[in-house]
Every structure is written in structure tokens, then in C-alpha cells.
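Novice: Fold the following and give me the result.
(4 chains)
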There are 4 protein chains.
Amino acid sequence: MAKKVRLGFVGAGRMGRLHMANIVSSIPEAEIVAVSDPMMDKAGGREWCAARGITNVFTDEANVIDNPDVDAVFVCTTTPLHAPTSLKAVKAGKHTFCEKPISYDVDEIKELMKAIDEAGVKFMPGFNRRFDRNHKAVADAVKSGAIGAPHIVTVSSRDPEPPTIDYVKVSGGLFYDMMIHDFDMVRYVTGSEAVEISAVGACLVNPKLQEQSGIFDVDTAVVTMKMANGCIATINNSRQAVYGYDQRVEAFGSKGVAQDGNELLNNASVMTVDGCRTERPLWFFLERYTQAFIDEARAFVDAVANDTPVPCNVIDGLMPVLMAKAATESCKAGGAFVKVDTV
Amino acid sequence: MAKKVRLGFVGAGRMGRLHMANIVSSIPEAEIVAVSDPMMDKAGGREWCAARGITNVFTDEANVIDNPDVDAVFVCTTTPLHAPTSLKAVKAGKHTFCEKPISYDVDEIKELMKAIDEAGVKFMPGFNRRFDRNHKAVADAVKSGAIGAPHIVTVSSRDPEPPTIDYVKVSGGLFYDMMIHDFDMVRYVTGSEAVEISAVGACLVNPKLQEQSGIFDVDTAVVTMKMANGCIATINNSRQAVYGYDQRVEAFGSKGVAQDGNELLNNASVMTVDGCRTERPLWFFLERYTQAFIDEARAFVDAVANDTPVPCNVIDGLMPVLMAKAATESCKAGGAFVKVDTV
Amino acid sequence: MAKKVRLGFVGAGRMGRLHMANIVSSIPEAEIVAVSDPMMDKAGGREWCAARGITNVFTDEANVIDNPDVDAVFVCTTTPLHAPTSLKAVKAGKHTFCEKPISYDVDEIKELMKAIDEAGVKFMPGFNRRFDRNHKAVADAVKSGAIGAPHIVTVSSRDPEPPTIDYVKVSGGLFYDMMIHDFDMVRYVTGSEAVEISAVGACLVNPKLQEQSGIFDVDTAVVTMKMANGCIATINNSRQAVYGYDQRVEAFGSKGVAQDGNELLNNASVMTVDGCRTERPLWFFLERYTQAFIDEARAFVDAVANDTPVPCNVIDGLMPVLMAKAATESCKAGGAFVKVDTV
Amino acid sequence: MAKKVRLGFVGAGRMGRLHMANIVSSIPEAEIVAVSDPMMDKAGGREWCAARGITNVFTDEANVIDNPDVDAVFVCTTTPLHAPTSLKAVKAGKHTFCEKPISYDVDEIKELMKAIDEAGVKFMPGFNRRFDRNHKAVADAVKSGAIGAPHIVTVSSRDPEPPTIDYVKVSGGLFYDMMIHDFDMVRYVTGSEAVEISAVGACLVNPKLQEQSGIFDVDTAVVTMKMANGCIATINNSRQAVYGYDQRVEAFGSKGVAQDGNELLNNASVMTVDGCRTERPLWFFLERYTQAFIDEARAFVDAVANDTPVPCNVIDGLMPVLMAKAATESCKAGGAFVKVDTV
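Specialist: Predicted structure coming up:
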């Protein structure tokens, strides 16, 4: 049997625990050899880890990052620390998986890019949706040529409920915080870069959103992109689909159309004189992307184990930020097309 | 039994015959008492009519328009004559059904509006898609409040094959000729008017389209509209969906989402080791909207018979023209938002 | 243009009018030259025909059957007269289309078979479901080999509401009156004959059915057939599917499975916090098989016009009667397998 | 926090490991305190357990069954040992979860029933399909009254590939080995007991099945059951659905119909000129019932933790065996209805 990939975790909060549980239960090719979290002793982290056979736990991240037994680091800190922690791990020569978003600061990402280049390590941002079997099948239909050249790509992406106003205040707004996933999806499915972006938005879910949050933000948005390959891509976002997480992708091209649907609570139907009733979508990303998170972590572990390229890299982390920047600018300007910065 | 509505037809070409056949077979509340077509004796029109029990056929439209036995006129002429013929019929005091588009000339429509007002007759343009049972169910879900306030409305509308270049030359371009139906659908479903329109287009189906046609045109387009009620609406069009006529509508709102699908050649599925195969959509509008054309004609006949308002009127004929005008202007300007003229 | 097929109708009730309306509106290859109905002057038949350009109407069937202008006769009389009238038409040398069931009396059908043979005319019983595009696609998947050798065929067939007790009294019971269509479907889809039949039935819709009707009957039944080709076929029937006409077929075989679904009132869905609601099936056979009735009549007209074999023949009319006989016997015996008579 | 339920495992093969992995990753309310397997040192069991933090591993089952630290035992041995091992565990006063089938020997199950009664412990056989979210929704639609009184229940159940001949030899045949799950499903969905059973079977997948296996067996079967509540239930089984695991349930009743579908590899569709292609079902039970196995184990743990009744009990383990016995007898007799033994 091949040697196991030895993983260290920085951050044992919700996302850290999600990845650790997946690795313990489903990824026998890896083992977790060190975990740090400044709150380790306050949030039951030590016990949580012990119950899964993980005993090398610390409060100081240096015990993970500088640990010679660690091959690769999962950065699952709070968002503002994603880039700085990743930078330390990369500079320490560790392969690094970083939860999204890497950063909203383009310069910070560029600094990280340089370090990755110098260290020669693998770096993978956590765009879990690329590992969803449904979205992947749509992207594959484009990649394989099954639908020909893509002409119109549509991403519908709606959260079940809006975040708290406190969260909105530090979120960077819908384009950075929510649509960033969809920008990635557009790049993933079209296989091309956005050249210009037009964004139209409104506060239809919460008309007082801007007033309450104190930032420029919208909760409903439609974005149109002219892609480098000629394809026109659109994204529509809402912060509140009351029926549950609505995540669908459609790629229309010269030879056909590929599309996917939501995963439902169950697929049974009940038909009566009142019509036929089927279930709602799974509630949110933890339910919808359960398997995608496992497959994402496995992809990173595989790339490290076999020294193959990671399926998404630091550029994939940067480009959606540049797209969010252009979209925000366009939305402020009432929808005018704005050029997307190039790297 | 109530007295039958006595109909006269001006034009016995494809659309004229379609409506006449529907009336004979499915609308016993009406009878066809006069038909005119300048080509009546050249295209077998006389025989075609006789086989359906219609014997008062003429080459001169005056025999229909000025016929005292005629209660209402169906204008099924070539497109450039829609408005002039309708004007004559209206001025002769006839209720008038006019095939779409009434005209691409706003002034011509406004002249007609004035005449309708003065004559006090009913006038209904043939927006057949409003009578499609699937699209109607989506519109009804908005109207009834089932999905709450509409936030995002999406119309996907793709023809199976592009028209000939000769047709394109006189068509007015995609926004006037094809998307005009979808502009109507947006108004129908949202129950609101477009305030500003952004249009992005490209020649992806036929890169030489502009060169060959000599007009400004595109074959692939995405349009975004800011509606008066706050809703954001989008339309995507392609002149060529190789798999068949693709006509779908989705309305997302504060309380839910309504959407419809295509009608397929049949609904059987065959599953083998190669996956599951189901059929393509019906090929084009004649197949897809067979029943809608019947229901449309019945709605007009009913309005005349019972002296109730027509379900779509001359304003509904005008507004999509104003939207097409704004969209064309925006597309030429690279997608900038353009205000839609008001009546 | 080829000469039109000249049709005569015996019977201008519901089914006669249905076929006549379809022929006038959709089958230009045929013309109706004579119609008889003993009730012609009492049920507005004369006016109904006149409105469709049909003027040779009579009360005496001899005017149709012995009419030298008639190429083919549609027998649309009351059920007990189907066989006798068909026999007269066949003996008069007319191609004959006979509404189903031909008869419940095997000897009567055999007499008719002999006459058809002697007269050398075409005879087609009206098994409209064979012309339904969905069921046809399932049958075609078997015929083409797409699903390999058929192993298990399932027909679900449920009416929206039970017939009146008066109707039940003369109906011959569920196996003759309702399941007879499904026996035909089993033969059509499997391409094989039933060798033995087991029938289980119950009065679950109306527990007093037998008492009220005075005949042996059930309103819920499950039948299993051992087919000559080894396939096992099952039919389930209910007289009351409160949600509407439920007609589905599945063919499972060595290489796959083919199945069809119901046609719905419309295909829109509305999703809210309460789940997703879609529509019910079309209410009954007139709605569901609208197009099938047209295609059925066209198939008969085509066979006559081109002197090709009819797609279903008198044997296809006989076999389901033999199957109903075996099923009734089995049901009375509590479900024992009963051999099906051969011709 | 409540005290954890302390589990012991007898058997660390495929099913034992499946349950242990699920408990470690997804059921924090339980902990595994002892595991035995006679092959523990030969099949890497010790290492497999250690990687999941389980260290008390043994080759002798007495270390589990007689272990005072163990609250409840999972019996995951080979099939012939299910009943004897369960009997020991029950007699040792342990709550017991037993993989299905408990036994094909009715007397052995009755002896176990007596022991359970005397010991006053909980006993739950592993009918995992009851915990599938789709099947459960169908059963719930019956239980809640949503579809009224059940009239016709249909279970389609087809494996992707036949077992080896060696397996067939000791399997007891299709009715015991495969349809036993479907007998349970019929009881679960109808909420009633089978009174009489008719079984028709054939060797359509492997015509030499009987000759090769030396036992009476079939690979394709259709079974009809008269249930105590009047409902008619049918099951169809095939040992080989080449497209994958096909597991669907339909319950038709006085107020409507409930049905479920398969889970597919993904839900994307690709439509081209060749039609629309969607994916096949998940391959087999491990893929299809992944979550059901977790929910099943959790249900047992919950019942132990809260001292509530188990959702399925030893009677539920016995009845399908009696049904398989009747079905086998009927099939041998060519499909005659056979009474099902009562407890």
C-alpha cells in the first residue's frame, strides 16, 4: 500500500470539522496528523478530534505548519486569515488546500501566487461545486464537445435565506460573497474567461438592506458576461429562495444543451385530485454538496499523493475575485459593461 | 343557441388556413362567411376552402371588409399589410384579429390605436404563446400570488433553425422578428412594463450573418430588463437549437418559483447500459402551439360573441415593438442600458 | 393528387362524430360521402354534419353500406351492433373500420373473420391506444430490439371514474369492457400471445358493485399472463383513479427498460415552501387519445388508399376477447391460471 | 450530554465494516467498544479498526457478547450464523441488531422470538430499505391517509447482475434471497399482511440456472398477493437489470397514488439531435442505500438510547420468510394461490 498523505489542519471550526470527518470516514489514503485551533479548548475541539482518533491537537498553528510530519495543510480558518495562513504554509513548503475565498484583496492573492511558484507546492482553493456530480456532468458535456461550442451558459443560484445583517457588513456584498461561486462555475463550464461584465441588482428581499448594512449591496442580481470564446454567460442570484437551495446550470451550444437540476429531499410524488406534489430541494450547501466536499478533499489528496496537478488552482481562486470587482463596479453604475482585469 | 359569430378572412395563406381549419373543426361558435386572397385562384385556395364548406371566396379584400354579413375580420396577410388591412377593417367597423406583428412602425400602430378607439371595435393581435397551457400556468402562478412578488423572470426561446438570408434581410432583425414574442411573454408573465433594456448579441450560429444579410443583426442574444415593478427579467434567444424548438419560462419570486418545460415528441424513455434516452422537443411553433392557436382564436370569438374585453389588445401589440427598438439600440451600443419609450 | 378515399359512416353518435370531425379537419386524403344514423333527425345529426360540409345523411344504414360511392365504412354504432353491421359492410365488399369491441361473442367474430376472408376487404378494429405516440414508442423499443428480449411487461390502466351501474349491467364486466384494451396493449408491446392468465379482482371502489349490478364483476384487478415468448406480463386496473386517467406501460428486457408516462393538464411546476406542485393527468380517453384517434383513422385511410395491410386486424380484435374470457374464469376461480383459447 | 450507547460488533466483514464506518462518522450518540471476527488477523481487520479509533478487537465473539461494557450487539456474521449469534446475544441480555435475513428456518426465528421475549431486550433486523427516504415517503403517504385506502401496491425490484452460481446454490433461491426485501416492502407500505400468494417465475436471464445450481430457482418472477386489508400487491423481480439497480414502489389508493423513482448517477441531461440522454441508476445497494444504512443504524441506537420501540422487529424478520415459503411453493405449482402461514 502506498504511504498515506499526512495532513495538518489549521482551524477546527465548521469547515475544518467537515473536512476532517470526511477524511476519517471516506479517504483512507490520508491521515490527519496534527490539528490546531486557537479555540481548541473552548469549543470541545479536543474531544471532537479524540472521538475520531486524532490526538495531536494544538492551539498554536505553528505546530501544524512547521510540523515535519505534515505533508499538506488544510487552511480552514476564518476568512480574513485564509491568505495569511496559506502564505505561511506555502512558505513552509507544505502543499495547501485553502477554503474559499482565498481573499477579496487581489494583491494578497498575487503575493500568495508568487510564493506558491517559488515553493513549488500544490495549492488548491475549495471550490466544492466543481465536484458536484451534476454540475460536473454539465461541464463535462461542454468539455467533451457533446453540446458543441458553448453559446449561452446560465447559472441559477439562490440561497434559502439571507445572511444576518452583521454578516453582510463584513461580507464584501453579494458579488464577492455569494456570486463568487457562480463566477467560478461560469469559468468552469465555459472553459473561458469573462472579458466584460454587466451587473444589475436590487434589494427585493430586504428593501432596507443597504441602509441596515451600511455597505453597497443587493440581494437580487442578474449578471451578463461576454466570454473570451464568444459565449454569453448569465448568472442570476437571490439571497432568498424560500423553497430551499436552488443551484442549476445550463449550457446551450451549437450541438445541443446540457442542464442539471436540484437534489430533492426525496424523489417520491403523491398525486391526488389536487395535483401532484413532489419535494423541495435540499435546504442548503451542507446538504446539497455533502458528497462534493468529500470528492473535493479526495482530489486534493490524490494530487498530493500522485504528484499530479490540482484540479483547481490559485488562478481559479483569483479570477472570480476580479469578476466580482467588475460586477460590483457595473452594478454601482447601473449595469454598464465593465472590463474584467486580467492577471 | 346563441347566434354564431360571422368571420371574414383576409389572407388564405399558411396562417389564414391554420386559423380557418381550427375554426371549422374546433370553434362551433363561429362560422366563416367570406374569405379573400389575391392569390385565391393560384394556390388552390378555392378548393381548400370548398373542402371545408367555405364557398364565399374572393380575390378582392373589399368583399370581406365591406361585407355586411361579416362581424369580425381575421387579418392574415403578409406582414407589411397587417397594419393597413387592419386599419381598413377597423374603420369599416369590424372587430379585428391581426396576426403578429402588427407593424414594426410605431406611428402606424398609433394610427391604428386611434382608429380602434374611434370605431369602438375589439382588436386583438395574435400572441399565440399567451394561450399555451404551460406558459399560461406560469403566468397564472404569478397573477394568483402563488410565487409572491416576481423577482427574476427568465425566458429561454430558441428556434430549431435559422431563417433564410433573404428572410433576414426584410425581418427587421432578431429583436423585432423573434424576440418580440419573448418581450410579450415578459410583459405577460411579470404583469409589468420594461423601463430599461440591455441587449448583448453575437453571430455565433452564422458568423457571416451581417455580411450576408446587409443589416445589423445577431443570431444569439441575451437581454436584461429592469421592469417597472422592480422585477429583473432576462431573455435568451438563439436562432438554432439543433434539437428542436426550445421554449421555456421561469418566474422566481418572494414565495416560490414557477417554471414550465418543452413538449416532447413523446414521453417514453428507454434505459440501457448507455443511459436513459428520452425524446427531443416538438420541432417548431406549428407543432408546439397547435392547441394554443385554437385557444387564441376561440378567445377572440368569445370576446366578440359576449362583448367582453379581448385578452390581449393593441397596446400589447405596440409595447414589444418599443422593447425591440430599445434592445436593438442597446445591442448596437455594446449592451448599455437604454430606456424604453412609453406610449 | 391521388383520388380521395370515400368514406361512409354508420352511426353518428359520440364516436362517429369524433372520427368525422378528425377526418374533416386532419385527413385530407379522405372524404365523407354518406352518413347514416337511426337517430339522425332527433340528435341534431343533420345540422352537425351540414356544418362540416357533409350533406348525404340518412336514417337507414343501407344507404351507406350499399352505396356504390362508398369505398370504406366506419362502423360507429352501439356496441351490440358492431359485429352485425360490420358483417353487412364486409359482405357488401366495403373495407371496414369497426369501433371496439367488435363483439364479446367469439362465434360472432369468427363468422366475421370468415366473411372478411371471402370478401378480401380490409378490416380494422379501433384499438386507438396503439396509435398513442407514447405507448407506440414503448412498443417500438421492444420491436427494434432496443431493450432486448422482453422479460416483464407491466400495464397500469386506471379510469378516472367508474361507469354507471346501468352501464355495468350490460358491459360484460371489467375484463371485457375495460381491460380488453390492456390485453391488446400486452399483445402489441410483447409481440406475443398469452398462453395462461391469472386474474385477481376485488370491489374496492364500490363494495356493493356485484349486488347492484347483478353480474359477476370487480372494479380493481391485477392480472398476470405467461406469454408464448416467455415474457411475464401484468395488468393492473382500477375503475377509479380520482386524479385522472392513468395509462402507463413498461417493458423490461434483457438489454434495458422502456416506459412511458401520462400526459398532464400542463407541464408547469410551482415550488413553494410547501413543496413542488405539478398537474394531474388529462381527465379521460377523449383528452388523452385525441391525437391517437386521428392517427388511427389516418392509418386505416392510408391502408385503403395504398392497398397495404391494416396495422391491426380482426385477429387483434378477437384475441383480447379470448383473454378477457380466460381472465373472467380465473377471477371467478380465485386467481388460478387458466389457459387462453387459441383461434 | 446523554451517555453514549456502547456497541459491540460480531463480524467485521463487509456489512460489519459498513455499519462501523457509519457509526464512527455519523452517529456520535454511539461508540464502538468491542469487535470480534474469527478472521480478524487475516483480513486486515485490526488495522481497519485501529484507523477508526477502535482498539478492543478480538477473534472470539464471547469477548463481545459477554462483555459487560457492551449495551448492544450488531450481528454481522455470515448468514447461517445470524440466528445462533443473535440468540446468544439476546440470552446475554444485549439489545441486538441483526443483519438480514435472520434465518430461512422458521423454527429458528421462533426460538429467537421466545428468547427476546424472555430477555426483554430490543431486537431489530436490518431491513435497510425501510430507511430509504424515497420508499419511506411512499409508505408515509399511505400511513398518513394521503392516498386513502391502498388498493394496488407495486414493487419493482431488479438487481444489476445475477449472483454467482455458487452463491445461488446456498441462497435459498430468489424468493428467499432477493424478494424477501420486497415482501418486507409490501408489508411496510401496505401496513397489512399477505393472506395468499401467487408466484410465477422463469429462467430468462440464465436459462440453465436450475441445471447449474441444482436447486429449484428462477431469475425473473412476478408475484401477486391478496392482503388482509383487501389491497392487491405485486412484486416483479429480475436478477439482471443491465442498466443498474432498479428499485421503485408505487401505492395506488382511493384518494391518489404515491410512487418513487431510482437515484441516478447524476441528474444532468444532454439534449442533441439524437434526443435527450440522462444517466442510469446507481449501480447496486451499497450506492443506492448509503444513507439508508446510516439512518437504519441511527434508528437502532436511538431506540436503545431512549428505550423506545425499534422501528422494525423480529416479527418483521419472520413474516417475509413465511411469504417466501408460500411464494416458492406457488411457483413450483405453476402460480396457484397458496396461503401464507400465520405466526
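Novice: what residues does chain A put near chain D?
Specialist: Taking C-beta under 8 Å from any C-beta of the partner chain as the contact definition, chain A meets chain D at A:21, A:24-26, A:28, A:31, A:51-53, A:133-134, A:136-138, A:141, A:146-147, A:255-261, A:263, A:265-273, A:279. From N, CA and C alone the C-beta is placed, and that goes for glycine too.
Novice: Return the subset of these lying in strands.
Specialist: If you go by DSSP state E, the residues of chain A next to chain D have A:31, A:256, A:257, A:258, A:259, A:269, A:270, A:271, A:272 in strands.
Novice: how deep is the first one tucked in, by neighbour count?
Specialist: It stands for residue A:31. 18 (other C-beta atoms under 10 Å in any protein chain shown).
Novice: before we move on, what about the third one?
Specialist: Using other C-beta under 10 Å, residue A:257 is surrounded by 27 other residues.
Novice: Settle this for me: it is touching residue A:147, isn't it.
Specialist: Yes - the pair residue A:257 and residue A:147 qualifies as a contact (C-beta atoms under 8 Å) at a distance of 6.1 Å.
Novice: okay, and the common contacts of these two?
Specialist: With contacts defined as C-beta atoms under 8 Å, 6 or more residues apart in numbering or on different chains, the residues shared by residue A:257 and residue A:147 are A:251, D:270.
Novice: what helix or strand is residue A:240 on?
Specialist: Using DSSP states H and E, residue A:240 sits within no helix or strand.
Novice: who touches the nearest residue to it once chain neighbours are set aside in this structure?
Specialist: Distances taken as C-beta to C-beta, 6 or more residues apart in numbering or on different chains put residue A:205 closest to residue A:240, at 4.5 Å, once the chain neighbours are dropped. Residues in contact with residue A:205 (C-beta under 8 Å, 6+ apart) are A:162, A:219, A:220, A:238, A:239, A:240, B:151, B:254.
Novice: For residue A:205, which three-state class applies?
Specialist: Judged by DSSP: H, G, I helix; E, B strand; the rest coil, the three-state class of residue A:205 is coil.
Novice: Backbone dihedrals for it, please?
Specialist: phi -80, psi -50 (degrees, to the nearest 10).
Novice: Over to residue A:163?
Specialist: Per degrees, to the nearest 10, the backbone of residue A:163 is at phi -70, psi 170.
Novice: Test my guess that it contacts residue A:171.
Specialist: Yes - shown here, residue A:163 and residue A:171 form a contact pair, counting by C-beta under 8 Å, at 6.7 Å.
Novice: Residues of the stretch 201-343 of chain A that sit close to chain B?
Specialist: So the stretch 201-343 of chain A meets chain B at A:202, A:204-205, A:220-222, A:224, A:226, A:230-232, A:234, A:236, A:238, A:240-243, A:246, A:252, A:254-257, A:334-337 (C-beta under 8 Å from any C-beta).
Novice: What is the neighbour count of residue A:163?
Specialist: 16.
Novice: Show me which residues of the stretch 101-250 of chain A are close to chain C?
Specialist: A:242, A:243.
Novice: if we go to 10 Å?
Specialist: With the criterion set to C-beta under 10 Å from any C-beta of the partner chain, the stretch 101-250 of chain A comes near chain C through A:160, A:241, A:242, A:243, A:244, A:246.
Novice: Assumed the fifth one was part of a strand.
Specialist: Looking back up the chat, that one is residue A:244. No - applying three-state DSSP, one finds residue A:244 to be coil, outside a strand.
Novice: following the helix or strand of chain A with the lowest mean pLDDT, which helix or strand comes up?
Specialist: Sorted by mean pLDDT, DSSP states H and E, the helices and strands of chain A end with helix A:45-50, the least confident at a mean of 90. Following helix A:45-50 in sequence order, the next helix or strand is strand A:57-58 (DSSP H and E).
Novice: Quick one: list the elements packing against the helix or strand just after that next one.
Specialist: Downstream of strand A:57-58, the first helix or strand assigned by DSSP H and E is helix A:62-65. Applying 3 or more C-beta pairs under 10 Å, 6 or more residues apart in numbering or on different chains; DSSP states H and E, one finds that helix A:62-65 contacts strand A:5-10, strand A:30-36, strand A:57-58, strand A:72-75, helix A:82-91.
Novice: Contacts made by helix A:62-65 with the rest, please.
Specialist: By C-beta atoms under 10 Å, 6 or more residues apart in numbering or on different chains, the residues outside helix A:62-65 that reach it are A:7-11, A:33-37, A:56-58, A:70, A:73-75, A:85, A:88-94, A:96.
Novice: What's the ChimeraX syntax to select whichever of those residues are buried?
Specialist: Buried residues among the contacts of helix A:62-65 (16 or more other C-beta atoms under 10 Å in any protein chain shown), as a ChimeraX selection:
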select /A:7,8,9,10,11,33,34,35,36,37,56,57,58,70,73,74,75,85,88,89,90,92,94,96
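Novice: Please read off the pLDDT at residue A:1 from the model.
Specialist: pLDDT for residue A:1: 45.
Novice: scratch that, residue A:44
Specialist: 88.
Novice: same thing with the one 10 residues further on?
Specialist: Each residue has a pLDDT score; the one for residue A:54 is 89.
Novice: what's the answer for residue A:26, then?
Specialist: So residue A:26 comes in at 89 (pLDDT).
Novice: Report the contact partners of it.
Specialist: Here residue A:26 is in contact with A:291, A:293, A:294, A:295, A:297, A:298, D:21, D:25 (C-beta under 10 Å, 6+ apart).
Novice: how near is the residue nearest to the last one when sequence neighbours are not counted to residue A:278?
Specialist: To tie it back to what came earlier, the one meant is residue D:25. With C-beta to C-beta, 6+ apart as the criterion, residue D:25 has its nearest non-adjacent residue at 3.3 Å, and that residue is residue A:25. Taking C-beta to C-beta, to the nearest Å as the measure, residue A:25 falls 31 Å from residue A:278.
Novice: These two: which is more packed in?
Specialist: residue A:278 (19 against 16).
Novice: Could I get the pLDDT score of residue A:313?
Specialist: 96.
Novice: would TSV of the contacts of residue A:26 with secondary structure and distance to residue C:322 be doable?
Specialist: Below are those laid out as TSV (DSSP: H, G, I helix; E, B strand; the rest coil; distance: C-beta to C-beta, whole Å):
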residue	secondary structure	distance to residue C:322
A:291	helix	54
A:293	helix	61
A:294	helix	58
A:295	helix	57
A:297	helix	64
A:298	helix	61
D:21	helix	58
D:25	helix	60
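Novice: Give the buried residues for whichever strand or helix holds residue A:277.
Specialist: Per DSSP H and E, residue A:277 falls inside strand A:275-278. Using 16+ other C-beta under 10 Å as the test for burial, strand A:275-278 gives A:275, A:276, A:277, A:278.
Novice: Please could you give me each C-alpha atom of it, formatted as CSV?
Specialist: In CSV, the C-alpha atoms belonging to strand A:275-278 read as follows (Å, rounded to 0.1, in the frame of the first residue of the first chain):
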residue,chain,number,x,y,z
GLY,A,275,-52.5,17.6,-8.5
CYS,A,276,-49.1,16.1,-7.9
ARG,A,277,-46.8,17.0,-5.1
THR,A,278,-43.1,16.4,-5.0
